[in-house]
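Colleague: below is the structure, and that's it, no one-letter string:
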């Protein structure tokens, strides 16, 4: 019996058309384009159905509500398909992939996010190959986790980050091996794949909106401009620090604000601005203050994964101490300690 794959078309460049205001999604246009792709009718192609979201979205407009909607669509169809392909804009694809990796608990089927850098309506579009290969990967049942496929590479979704605005290979996985290379054959890196837990039952954890902020440090930062927001308004903070977790520790307003944020109950987490490597709080004196205030090191997590993980843990209703503990615990292959 042929495998069945469900394609969730949320929007993004792959299905956009040129308008007087630039590329934009157009209702029911993309599904018509698929009829023109002969490979999708090949006898070796899995059976597939497509669900078009309404409204279609530019991924710059995707937020927590849209993550939940995608998760619900997968949950409601989970028992009817062997795998899922989520067509999504590239700008926030890694955020969505990270969020889904936490939301879809007990996942035992492939969920593959993909899209394109050039719309499918254009001559040189990369969308056709990305779509075809993603459908095949979703049908094979080897990478049973949330993945991101682009330009011949299958990446773990919560390890991916967008690193190019114009290269066809828009994404990299800076701290984790590629899950599969796609050439003449699809060569899976089976050692790198998540092993599904046999007893785990699939369920969707819906995320809720939580006041979370991301602050990127730079030389000369005037932290006074952000002080009230950081120390009083946020439940979770992701600090993008220098190197292994270093901050300008001689900036007293900055240090005091982070201290107050922690004292007021905010979860302060620390990522590195470096794509590769890990945070090690306390290695240098300039990161020791963060350690003393109870900040949590995110090790080699991407900022996208750290943000999504905070949303997930708050949505689970855990206590502050439990959230801090789990932020330093690998839950979905998102980090290496």
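Modeller: Here it is on my side, so go on. This one's a predicted model, so the numbers in the text were calculated from it and none came from an experiment.
Colleague: and the longest strand seen in the chain, what does it pack onto?
Modeller: Counting by DSSP state E, the longest strand found in the chain is strand 47-57. Contact analysis of strand 47-57 by 3 or more CB pairs under 8 Å, 6 or more residues apart in numbering; DSSP states H and E lists strand 4-11, strand 24-25, helix 29-34, helix 64-77 as its packing neighbours. In this view, the C-beta of every residue, glycine as well, is placed from N, C-alpha and C.
Colleague: switch the cut-off to 6 Å
Modeller: strand 4-11 (3 or more CB pairs under 6 Å, 6 or more residues apart in numbering; DSSP states H and E).
Colleague: tell me how far the lowest-mean-pLDDT helix or strand in the chain lies from the chain's centre.
Modeller: Between all helices and strands in the chain, the lowest mean by mean pLDDT, DSSP states H and E belongs to helix 227-228, at a mean of 76. Here the centre of helix 227-228 is set off from its chain's centre by 29 Å, with CA atoms, centre = their mean, to the nearest Å.
Colleague: ok, and what's touching it?
Modeller: residue 257 (CB atoms under 6 Å, 6 or more residues apart in numbering).
Colleague: same deal with stretch 133-145?
Modeller: For stretch 133-145, using CB under 6 Å, 6+ apart, the contacting residues are 3, 5, 46, 48, 82-83, 85, 108-110, 112, 114, 149, 179, 182, 188, 193-194, 196.
Colleague: any idea how far residue 131 is from residue 185?
Modeller: Using CB to CB, to the nearest Å, one obtains 19 Å as the distance from residue 131 to residue 185.
Colleague: scratch that, residue 197
Modeller: 29 Å.
Colleague: just to revisit the earlier point, next structured bit after the least confident helix or strand of the chain?
Modeller: Counting by DSSP states H and E, the next helix or strand C-terminal to helix 227-228 is strand 236-241.
Colleague: pairing partners for that next one, with directions?
Modeller: strand 212-216 (parallel), strand 267-272 (parallel) (DSSP bridges).
Colleague: out of the ones you listed, which gets nearest to residue 102?
Modeller: Taking CB to CB, strand 212-216 is the member of the strands paired with strand 236-241 nearest to residue 102, at 13.7 Å.
Colleague: contacting residues around the residue lying closest to residue 59 once chain neighbours are set aside?
Modeller: Leaving aside its chain neighbours, residue 59 sits nearest to residue 89 (2.7 Å; criterion: CB to CB, 6 or more residues apart in numbering). By CB under 6 Å, 6+ apart, the residues touching residue 89 are 12-13, 58-59, 115.
Colleague: pretty sure residue 194 sits against residue 334.
Modeller: No. If you go by CB atoms under 6 Å, residue 194 and residue 334 don't touch, sitting 10.5 Å apart.
Colleague: which of these two has more residues huddled nearby?
Modeller: residue 334 (26 against 17; other CB atoms under 10 Å).
Colleague: quick one: that one is in a helix?
Modeller: No. Read with DSSP: H, G, I helix; E, B strand; the rest coil, residue 334 is coil and lies in no helix.
Colleague: strands of the stretch 151-300 of the chain, start to end?
Modeller: 153-156, 161-162, 171-172, 180-182, 186-188, 203-204, 212-216, 236-241, 267-272, 296-297 (DSSP state E, counting those that start in this stretch).
Colleague: where does the prediction get shaky in this protein?
Modeller: 199 (pLDDT under 70).
Colleague: map the structural domains onto the sequence of it.
Modeller: Using automatic domain parsing, the domain ranges for the chain come out as 4-204, 212-327.
Colleague: out of the strands of the stretch 151-300 of the chain, which gets nearest to residue 24?
Modeller: Using CB to CB, the nearest of the strands of the stretch 151-300 of the chain to residue 24 is strand 161-162, at 20.2 Å.
Colleague: I'd like the distance from that closest one to the chain centre, please.
Modeller: Using CA atoms, centre = their mean, the offset of strand 161-162 from its chain centre is 9 Å.
Colleague: please apply the same query to stretch 302-321.
Modeller: 13 Å.
Colleague: how about that stretch: buried residues?
Modeller: 302-315 (16 or more other CB atoms under 10 Å).
Colleague: swap in stretch 164-176?
Modeller: 168, 170-173, 175-176.
Colleague: residue 77: which of those residues is nearest?
Modeller: Once CB to CB is applied, the member of the buried residues of stretch 164-176 that ends up nearest residue 77 is residue 171, at 25.8 Å.
Colleague: beta partners for that closest one?
Modeller: The partner residues for residue 171, given DSSP bridges, come to residue 162.
Colleague: quick check: it touching residue 160?
Modeller: Yes. Residue 171 lies in contact with residue 160 (CB under 6 Å); the separation is 4.9 Å.
Colleague: ok, back up a step: pick the most deeply packed of the strands paired with strand 236-241.
Modeller: strand 267-272 (a mean of 25; mean count of other CB atoms under 10 Å).
Colleague: now find how far off-centre it is within its chain.
Modeller: 17 Å.
Colleague: again with stretch 84-97
Modeller: 7 Å.
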